[in-house]
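>>> coordinates only, no sequence provided:
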């Protein structure tokens, strides 16, 4: 089965009226939880700009509280699981400042919950890679925002 290009899909969507478009969007949101989450953040994010960051931080905080960090093996597996969830949630926002905020939150919680006390190279590499991802995003932001976040990154490094 050959899937048409995005340009062809856009062209076909332009021929539909508002009611049909609304029905397509509702059907798309039923297919996966990711589609529904993306739609939710797009609709409600316009009125409440901090909603995305707040909800993602609450979700990650719950994951950190439920994580098993007493042993190096379980800490590694828990950190990898939380990172996968965070990466999935990062795809829902195109705003670099929001992505940076979530990455810094993740790194702060890794330190706070004691994941770094284990001398596990996987955990340390995971932490450093997320921190370097945050630094890369920071370099693309406006100078004022760079100044605001630079202290937090230096504290984590």
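Arrived safely. Not measured: the values here are computed from a predicted model.
>>> skipping adjacent residues, who's closest to the residue nearest the centre of the chain in space?
With distances taken as Cα atoms, centre = their mean, residue 90 lies nearest the centre of the chain, 2.1 Å away. Taking Cβ to Cβ, 6 or more residues apart in numbering, and ignoring the residues beside it in sequence, residue 90 has residue 99 as its nearest neighbour in space, at 5.4 Å. C-beta coordinates here come from the backbone N, C-alpha and C atoms, glycine included.
>>> any idea how far that neighbour is from residue 45?
As judged by Cβ to Cβ, to the nearest Å, residue 99 and residue 45 stand 14 Å apart.
>>> more crowded one of these two?
Neighbours were counted for residue 99 and for residue 45 using other Cβ atoms under 10 Å; residue 99 has more, 22 against 18.
>>> sorry, back to before: I'd assumed residue 91 was in contact with the residue nearest to residue 90.
No: contact criterion Cβ atoms under 8 Å: residue 99 and residue 91 do not qualify, at 9.5 Å.
>>> can you name the farthest residue from the center of this protein?
Here the chain reaches farthest from its C-alpha mean at residue 15, the gap being 33.9 Å by Cα atoms, centre = their mean.
>>> and the pLDDT at it?
For residue 15, the pLDDT comes out at 89.
>>> repeat that for residue 79.
Confidence score, pLDDT, at residue 79: 89.
>>> for residue 61, same thing?
Note for residue 61: predicted pLDDT of 90.
>>> same check, this time on the one 4 residues further on
We note a pLDDT of 87 for residue 65 in this prediction.
>>> name the helices or strands packed onto the helix or strand of the chain with the lowest mean pLDDT?
One helix or strand of the chain scores below all others by mean pLDDT, DSSP states H and E: helix 143-156, with a mean of 77. Helix 143-156 is packed against helix 96-112, helix 121-139, with contacts defined by 3 or more Cβ pairs under 8 Å, 6 or more residues apart in numbering; DSSP states H and E.
>>> could you dump the ones you listed to JSON lines with mean pLDDT and distance to residue 25?
Shown next, in JSON lines, are these (pLDDT from 0 to 100; distance: least, Cβ to Cβ, whole Å):
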{"stretch": "helix 96-112", "mean pLDDT": "89", "distance to residue 25": "23"}
{"stretch": "helix 121-139", "mean pLDDT": "88", "distance to residue 25": "30"}
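>>> does residue 47 sit in a helix, a strand or a coil?
coil (DSSP: H, G, I helix; E, B strand; the rest coil).
>>> that older thread, for residue 117, see how far away the residue farthest from the centre of the chain is.
Counting by Cβ to Cβ - residue 15 and residue 117 are separated by 59 Å.
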